[in-house]
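[1] The sequence isn't on hand, but the structure is:
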């Protein structure tokens, strides 16, 4: 009878330990079914992703198509500028110093430097070619 009592005692001890033990982790929830993709606004607009920040000056080349010396702005028909993810296009820029425009005219071929990847429409330097 000792064996039966010993076995019963061990069984009760095992049940008691099991009741005090931490519960096993819940199984992970089943992944949700993929939702139908929703096109973001302007999804049909072709856009080139911005390039990562670049160390050093961001240079561009192009031709001046308009100048506003008093306002410190110019429009440049420029080549692609990979550092900011731009294809070739014509666009307006502001300058950090309007006096850099005083010797320039429409039609001039130029190289120019952009302020930064976070402010790419600001020109800090312009040089005739």
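    Cool, the structure landed. Quantities reported herein were computed from a predicted structural model and do not represent experimental measurements.
[2] rest of the way, CA atoms for contacts and neighbours
    Noted.
[3] On the C-terminal side of the lengthiest strand in the chain, identify the next helix or strand.
    Using DSSP state E to assign secondary structure, the strand with the most residues in the chain is strand 58-68. Helices and strands here follow DSSP states H and E; after strand 58-68, the next one along the chain is strand 73-78.
[4] Contacts for the helix or strand that that following strand is followed by, please.
    Once strand 73-78 ends, the next helix or strand along the chain (criterion: DSSP H and E) is strand 89-95. Applying C-alpha atoms under 8 Å, 6 or more residues apart in numbering, the contact partners of strand 89-95 are 72-80, 121-125.
[5] who touches the longest strand of the chain?
    Residues contacting strand 58-68 (C-alpha under 8 Å, 6+ apart): 73-81, 83, 101, 105-117.
[6] contacting residues around residue 127?
    Contacts of residue 127 were listed using C-alpha under 8 Å, 6+ apart, and they are 110-112.
[7] Reformat these as JSON lines; add distance to residue 61.
    JSON lines is the format used below for these (distance: C-alpha to C-alpha, whole Å):
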{"residue": "110", "distance to residue 61": "6"}
{"residue": "111", "distance to residue 61": "4"}
{"residue": "112", "distance to residue 61": "6"}
